[in-house]
Every structure is written in C-alpha cells, then in structure tokens.
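Undergrad: Could you work out the structure for the sequence below:
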Amino acid sequence: MTDSASSLKQLSGKLCPWLQPVLETLESVHDAKRLGHAWLLAGPGGIGKINLALVFADRLLSGRSGGAPPEALEPSAAGRAMATRHAPQDRHADLHWLFCEGNRKTIGIQQVRNVIETLERSSYQGGAKVVIVEVAEALTIAASNALLKTLEEPTRNTYLLLVSHQPGRIASTIRSRCQILPLAPPTIDDTRAWLAPLETDPISLDLQGRSALEIVKLNSENASFSFNILEDKFKLLYEQKADPLSVADEWLKYDLELVLEWLAMRVRRAIRSRTLTQRSKSVANNANGRLQHDLPTLTLRRLFAQFEGIERLRNQIGTGINMELATAVLLAGFQADRERS
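TA: I've put the predicted structure just below:
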C-alpha cells in the first residue's frame, strides 16, 4: 500500500477522538432523514475538520452511517496522513475533493466545473455522491458562483461538505445555502492526552489545544528545525541585532501560516505574563539560549497591536499582497514603542 493510499485510509477510517460526538450528531441527523445536502464545517485550522469530512463521506458512500464508532486516529499517524493527503491516489469514484492544487492558493472555476459535470452523471456505485471543499474560503469568486447552482439545485443523493477555517471570508451566497456546523478545538486536557505518545515540546503545548494537528506538525523533524530557527531569529530581531526585512525573507522560506501561529503564541504568552502574573519583567534564557522572556521593553498597548497585526496578516495570506514587505512591517513593530527603563 502506498503512503498516499494509506493516508486516505487513515483519515477516512479513523477519527480524532474529540470529534466523535460531532460525527454522532451528523449520523443521527442522517438516520432521521433530516440531513441537508450542504454542510459548512467551520472552526480553527488544525482541529481535524478534514478528518471529520472524510470519515463522514466514507460512511455516506458506503452506506455505513450509524455504524460502530471509528477507531481513534493517533497523532503520529495523523501527522503523516495530513502531510500526504493530497498526493495522487485511488479513492472512491463518487468522492470528489476540491483543494488548492500545486502551489496555488485558490480553487479555480475549472476545478468546480469538472466536478459539476461529473455530478450530473449517475453515481458510479449506485449510492451517494460526496463533494468535499478544502477550504471553502479558497474558492475564487468565479468558482463560488459556479458552485452556487449545485448548492441551490443539487443532483439526487449528493452531499457537499465545505471545510472552512475562516467562514467570514466565504461568499454570503454560499454560506446561506449551507447548514453551518461550528467545531470547537479540543480542550487543553484532551490535547495533552492525545499528544501523550509524543515527546511534545512544551512551547508547542502553549498553543493551548487550539490547533492539535498543528502541534503535531510543529514536532515533526523538519518543522522542529525551523521552529528553533524562528526562536533564534526572533531573539536577534527583538534585541535589534537583525533587521525586519532580512528576518522576513528568512521566515518566508517556511510555512507562513505556521510561522504566524508560532508568533501569535509568543505574543499571547507575553500578554498573559504581563496581565495575569506579578513576576519580574526581567529577561531569562533557558540552557540553550532560547528566548524565554515576556518582551518586557514593549508596552502592553504595543503587544495587543502586534497581536492584531498578526491576525490581519494571516487573513491576507493568498490575497496577492507583497508578503515579504507586509511581514517586515509587522516585525518592525517588535522594535518600536519601547518603554523607558
């Protein structure tokens, strides 16, 4: 079995344990014959929405909805499967999966048209047809308009599962034709229990369960290496030993979404330290010289402004703006508005 085929089997046959109650809700609605044809699975990135979509799709396609609960998806298997999920592979003939192909940041109109053309034919295996859109906010305006007719007038026994990290960025015409299922991240305790088999970096755990699968990604071999580099570069930036443009150029070699999640974690920790504790604002480094302070020379107002800037930049990924310049402008904020000693 190839790695890609194995990844699809993992993500379709096993489920992140905190998503089991959500799957049971979907299956109970289906068994009661009240399952709408279009669902928007909305929630933060890295909590397993595509895993849920693939598991539910597999059950709809096989007619096993309401069967025995799936086995729990283990973190190491989840990390490997997520990394190879889009690789070319055989899958159920009636499963149609729209995602950003290659290095593209959008789902184009031709991809949608190809799926619509297939949906107009009879089901290959005589049962349901399922379309998964990952992620719906990546649909171009033209692609959204093309998909709209299918949402309004779906072919018989067709289900559309739209995955979204940021539902507010989806066209209102699309959102209004879907049943929205908001998904919450696992609790901190659930995340720690799930990650127990891994030797998880405690800094990664400071992500507070918001992105359990991203924590797995952070702890993979390559991401761990870049994570250490992020700390080193940020320390130099903060101490004004590196300029923002050179650091931005270095960081853009990595997954910018992951970089900004890490940076948001750093700023959250500084704000929490400043507002919830009475500890000294001194700078303390660990044995490896990693940055461990709460950014004491920046005002609290500046920290909140930087956090908002990080979120704005995350929302602009894939919009066509100059990300190197935008990232450099954000990083320059960590060298400005310093408190007088």
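Undergrad: domain ranges for this structure?
TA: Using automatic domain parsing, the domain ranges for the chain come out as 3-182, 220-335.
Undergrad: From the chain's centroid, how far away is the longest one?
TA: Using C-alpha atoms, centre = their mean, to the nearest Å, we find the averaged C-alpha position of domain 3-182 to lie 15 Å away from the chain's own average C-alpha position.
Undergrad: And the shortest one, by the same measure?
TA: Taking the mean of its C-alpha atoms, domain 220-335 sits 19 Å from the chain's own mean (C-alpha atoms, centre = their mean).
Undergrad: which of the domains of the chain sits most buried?
TA: The highest mean neighbour count among the domains of the chain, using mean count of other C-beta atoms under 10 Å, belongs to domain 3-182: a mean of 18. C-beta: built from backbone N, CA, C; applies to glycine.
Undergrad: So for stretch 53-73, mean pLDDT?
TA: What stretch 53-73 shows for mean pLDDT is 89.
Undergrad: In CSV, list the C-alpha atoms belonging to that stretch.
TA: Taking C-alpha atoms only, stretch 53-73 is exported to CSV below (Å, rounded to 0.1, in the frame of the first residue of the first chain):
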residue,chain,number,x,y,z
ALA,A,53,-15.3,15.3,6.5
LEU,A,54,-13.5,12.3,5.1
VAL,A,55,-14.9,9.9,7.8
PHE,A,56,-18.5,11.1,7.3
ALA,A,57,-18.1,11.0,3.5
ASP,A,58,-16.8,7.4,3.7
ARG,A,59,-19.8,6.4,5.7
LEU,A,60,-22.3,8.1,3.4
LEU,A,61,-20.6,6.5,0.3
SER,A,62,-20.5,3.0,1.9
GLY,A,63,-24.0,3.2,3.4
ARG,A,64,-22.5,2.5,6.9
SER,A,65,-23.8,5.7,8.6
GLY,A,66,-24.7,5.0,12.2
GLY,A,67,-22.3,2.0,12.4
ALA,A,68,-19.7,1.3,15.1
PRO,A,69,-17.6,4.3,16.1
PRO,A,70,-14.3,4.6,14.2
GLU,A,71,-11.0,3.9,15.9
ALA,A,72,-9.1,6.9,17.3
LEU,A,73,-6.6,8.5,15.0
